[in-house]
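Quick one: sequence plus predicted model below, questions after.
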Amino acid sequence: MSNPYSKSDYFISVIIFSLIAVINVEYFYDLYQNSNVTKASGFTFIFVNVVFLMILIIPFLEKRLGLITNDKLVAFMDLPNKDDKLTYPVLSGFLGDQALGSFLGTTLIYTTKIAIDEYGVVLSGVYAAILLIVSIIIMALSFMRFVMHFSKKHWAAYAFASVISFLIMFSFYHLGLTLAP
């Protein structure tokens with residue numbers, strides 16, 4: 001198998017690995033000083049490590065996904081053609097995907113609180129990291145599909161639509177996290 005990492009991937013991997021190392025050293029130093037692990041600190045340790053490890057494997061996954069033909073990916077994502085118009089179904093689809101991501105954020109907070117008590121910090125940390133990544137992927141892909149409708153417009157319209165869509169995306173996600181009990 002060929003090497004899945006380019007030079008920029010190695011650079012990013014070194015940065016992420018360094019962050020993981022610093023966070024882990026700090027965690028274990030704090031554990032050594034205080035001699036106890038709270039549920040919150042154990043959950044945070046697992047959650048952060050799983051998220052960072054997922055970031056580290058992105059180049060590998062990207063190369064594996066490269067085996068899927070571009071036509072299949074475009075068809076699956078239902079990416080707009082250059083001639084497609086911005087219509088109400090496109091706008092409502094974008095807002096619906098953002099609402100789904102927001103709901104997953106709310107679900108993440110609510111169910112993780114329960115999961116920590118019932119299943120422990122390890123399983124709940126992995127569960128929360130996976131749900132976080134899935135919700136971000138859904139929202140980011142929806143954002144990309146929506147903004148592509150403006151790519152053929154003047155750069156100012158494209159920039160404006162991108163910024164507004166980005167603000168909508170993160171306001172929905174923030175709302176979902178804030179509404180969680």
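Nice, thanks for sending it over. Not measured: the values here are computed from a predicted model.

dump the residue contacts of the residue nearest to the spatial centre of the chain.
In the chain, the C-alpha nearest the mean C-alpha coordinate belongs to residue 136, at 3.2 Å (Cα atoms, centre = their mean). The neighbours of residue 136, taking Cβ atoms under 8 Å, 6 or more residues apart in numbering as the test, are residue 101. The C-beta positions use only the backbone N, C-alpha and C, and glycine is treated the same way.

Where does residue 86 sit: helix, strand or coil?
coil (DSSP: H, G, I helix; E, B strand; the rest coil).

Number of residues surrounding the nearest residue to residue 27 once chain neighbours are set aside?
Nearest residue to residue 27 in three dimensions, chain neighbours excluded: residue 45, at 5.1 Å (Cβ to Cβ, 6 or more residues apart in numbering). Other residues near residue 45 number 21, with proximity taken as other Cβ atoms under 10 Å.

mind checking how far residue 45 is from residue 135?
Distance, residue 45 to residue 135, by Cβ to Cβ, to the nearest Å: 21 Å.

just for this protein, where's the confidence low?
Along the chain, the parts satisfying pLDDT under 70 run over 1-5, 66-69.

Which stretches in it count as helices?
With DSSP state H, the ranges of helices along the chain come out as 7-34, 39-56, 58-65, 70-77, 88-119, 121-147, 155-179.

Counting neighbours, what do you get for residue 46?
20.

how close does the residue nearest to the centre of the chain sit to residue 40?
Where residue 40 is concerned, residue 136 sits at a distance of 22 Å (Cβ to Cβ).

Same check on residue 29?
17 Å.

circling back: quick check: the residue nearest to residue 27 touching residue 25?
No: assessed by Cβ atoms under 8 Å, residue 45 is found out of contact with residue 25, at 11.6 Å.

The protein - how does it break down into domains?
1-70, 87-181 (automatic domain parsing).

Out of those, which gets nearest to residue 78?
Among the domains of the chain, the nearest to residue 78 by Cβ to Cβ is domain 87-181 (7.2 Å).
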